[in-house]
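**Q** build me a structure from this.
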Amino acid sequence: MSNITLKRIYTKAAQADGMRILVDRLWPRGLSKDEAAVHLWLKNVAPSDALRHWFDHDPAQWEAFQKRYFAELDAAPEAVGELRAQLVLHQHITLLYAARDEVHNNAVALRSFLHRHQHEA
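**A** Sure, this is the predicted structure:
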């Protein structure tokens with residue numbers, strides 16, 4: 001599996017980022033497409049609007065959020081497959097997110113999901 005790093009999209013892009021993939025459903029506020037330097041925007045691997053609103057970046061809900069998010073990902077094989085295809089094509093990818101919390105966000109959960117399911121096609 002490719003090397004997967006995480007980065008807040010408001011942090012300046014770097015050559016070392018490799019393939020930069022935005023994994024949020026909404027475009028980040030106040031950021032132009034040029035500033036973001038996003039190679040690919042995969043909205044369909046982001047949590048649903050309902051789940052996003054329920055979670056509301058509350059660390060106390062983190063475990064339940066991950067469980068619900070993983071169920072959404074399991075139900076979206078095409079979207080996950082599109083991301084997995086990028087993992088095959090690129091030696092290094094960076095999952096981009098807009099959340100301020102660097103520990104409890106969908107990119108962290110998504111990377112965990114990918115690592116847990118790395119042998120699935």
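
**Q** give me the neighbour count for L87.
**A** By other CB atoms under 10 Å, 18 other residues sit near L87. Where C-beta positions appear, they are placed from N, C-alpha and C, glycine not excepted.

**Q** ok so it is a strand residue?
**A** No. Checked against DSSP: H, G, I helix; E, B strand; the rest coil, L87 lies outside a strand; its state is helix.

**Q** can you give me the end-to-end span of stretch 53-65?
**A** Using CA to CA, to the nearest Å, the end-to-end distance of stretch 53-65 comes to 11 Å.

**Q** could you measure from L31 over to A107?
**A** Note on L31: its distance to A107, by CB to CB, to the nearest Å, is 16 Å.

**Q** actually, G81.
**A** 18 Å.

**Q** P77 too?
**A** Relative to A107, and taking CB to CB, P77 is found at 20 Å.

**Q** these two - which one has more neighbours?
**A** A107 (26 against 12).

**Q** is the more buried one located within a helix, as I assumed?
**A** Yes. Applying three-state DSSP, one finds A107 inside a helix.

**Q** which positions within the host helix or strand of H53 qualify as buried?
**A** Taking DSSP states H and E as the criterion, H53 maps to helix 49-55. Using 16 or more other CB atoms under 10 Å as the test for burial, helix 49-55 gives L51, R52, F55.

**Q** other residues contacting that helix?
**A** R25, A46, P47, Q61, F65, R68, Y69, E72, N106 (CB atoms under 8 Å, 6 or more residues apart in numbering).
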